[in-house]
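Novice: What would the 3D arrangement of this be:
(chains A and B)
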Amino acid sequence: MSNNNHPTSPHLQIYRLPLTALLSIAHRITGVILALGCVLLVWILASAAEGASAYQSLVPHLESWYGQIFLLGFVFSLYLHFCNGVRHLFWDVGYGFELEVVDITAKLAIALAVLLTIVTWVVAGVAGP
Amino acid sequence: MTDLRSPLARVKGLGSAKDGTTHFWRQRLTALLLIPLVLWIGFSLAALPVDHATLTGWIQQTWVTIALILLIIVTFYHAQLGLQVVIEDYVASHARRTALLLVSNLACLLVGTIGVVSVLKISFGA
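Specialist: Numbers count the residues shown, from 1 in each chain, chains lettered A, B, ... in the order given. Predicted coordinates:
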């Protein structure tokens, strides 16, 4: 009696999420990462307000490998959330709902986020430590 | 007098909270404000050498102080709204959800305040 061939609803573990769905969950994940990262940034700001020695003791950590990974991750999260957020704002006013456009803007958001991250990194490298 | 809610629903305070789109609207308004502010802070900090004197000297400029405080307030307001949605969506237990929302909201308020005070301290002081 039971028909095992009937189509089942997409199961998250075997269903390959389309790009726009991946960006959707990435938007939330990067949002949480940014909120946590902002706590660290305020900590740095507060230490700068505390005085030069408190701040300078943090600088080696920022320049270490884990500090650089944090900064790179934060900057990329920031720009991905930024670009995808602008994409959401366009949706909010009614533009860009066609499937092809959704796919193009998804790729555009990722490409722009990578580009902005690279440009920021280059600017920081030119400015020097 | 045409209240379609059951007496039980009325007693429990169910029904419209009268702020249907407020959360959505504030999320978008803060997002719009963050567009120029994020581009400004990202490239300004990248272009700045990291030593203490340069950083505090930069913050002490009046317009930087104003923009930084604006950025901190809007950022933590936006974060509070966003974290609230994530917690409401993924934490099923009512008690744990309420507790997490309290912690998240208070943390945003606290860290945001520390940020603003730090900027003011740098701007007015040493």
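Novice: From the chain's centroid, how far away is the helix ranked longest in chain A?
Specialist: If you go by DSSP state H, chain A has its longest helix at helix A:19-50. Chain-centre distance of helix A:19-50: 8 Å, with C-alpha atoms, centre = their mean, to the nearest Å.
Novice: Provide the backbone phi and psi angles at A:Gly96.
Specialist: Torsion angles at A:Gly96 (phi, psi; degrees, to the nearest 10) stand at phi 80, psi 30.
Novice: Could you say which helix or strand holds the residue lying closest to it once chain neighbours are set aside?
Specialist: Nearest residue to A:Gly96, sequence neighbours excluded (C-beta to C-beta, 6 or more residues apart in numbering or on different chains): A:Phe90, at 5.0 Å. Heads up, the C-betas are built off the backbone N, CA and C, glycines and all. Using DSSP states H and E, the element containing A:Phe90 is helix A:65-92.
Novice: Would you mind checking the average pLDDT for that helix?
Specialist: Mean pLDDT, helix A:65-92: 96.
Novice: Please spell out which residues along it are buried.
Specialist: Buried residues in helix A:65-92, defined by neighbour count with 16 or more other C-beta atoms under 10 Å in any protein chain shown: A:70-71, A:74-88.
Novice: restrict the residues you listed to those near chain B?
Specialist: Counting by C-beta under 8 Å from any C-beta of the partner chain, A:75, A:78-79, A:82, A:85-86, A:88 from the buried residues of helix A:65-92 sit close to chain B.
Novice: about what we covered before: so which other helices or strands are in contact with the helix or strand immediately after the longest helix of chain A in the chain?
Specialist: The element immediately downstream of helix A:19-50 (helix or strand, assigned by DSSP H and E) is helix A:52-56. Judged by 3 or more C-beta pairs under 8 Å, 6 or more residues apart in numbering or on different chains; DSSP states H and E, the packing partners of helix A:52-56 are helix A:19-50, helix B:52-60.
Novice: if I look at B:Leu39, how far off is chain A?
Specialist: Relative to chain A, B:Leu39 is positioned 8 Å away (C-beta to the nearest C-beta, to the nearest Å).
Novice: So what's the residue count around that residue?
Specialist: B:Leu39 is flanked by 13 other residues according to other C-beta atoms under 10 Å in any protein chain shown.
Novice: could you say which helix or strand contains it?
Specialist: Element membership of B:Leu39 [criterion: DSSP H and E] is helix B:22-47.
Novice: helix/strand/coil for B:Leu8?
Specialist: helix (DSSP: H, G, I helix; E, B strand; the rest coil).
Novice: what's the answer for the one 10 residues further on, then?
Specialist: The three-state label given to B:Lys18 by three-state DSSP is coil.
Novice: Could you tell me the phi and psi values at it?
Specialist: According to degrees, to the nearest 10, B:Lys18 has phi 60, psi 20.
Novice: With just CA atoms, put the helix or strand of chain B with the lowest mean pLDDT into PDB.
Specialist: Here the helix or strand of chain B ranked lowest by mean pLDDT, DSSP states H and E is helix B:7-11, holding a mean of 81. Extracted C-alpha coordinates of helix B:7-11, given in PDB (Å, rounded to 0.1, in the frame of the first residue of the first chain):
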ATOM      1  CA  PRO B   7     -12.500  35.800  26.600                       C
ATOM      2  CA  LEU B   8      -9.500  33.500  27.300                       C
ATOM      3  CA  ALA B   9      -7.500  35.100  24.500                       C
ATOM      4  CA  ARG B  10      -8.300  38.600  25.800                       C
ATOM      5  CA  VAL B  11      -7.200  37.600  29.300                       C
END
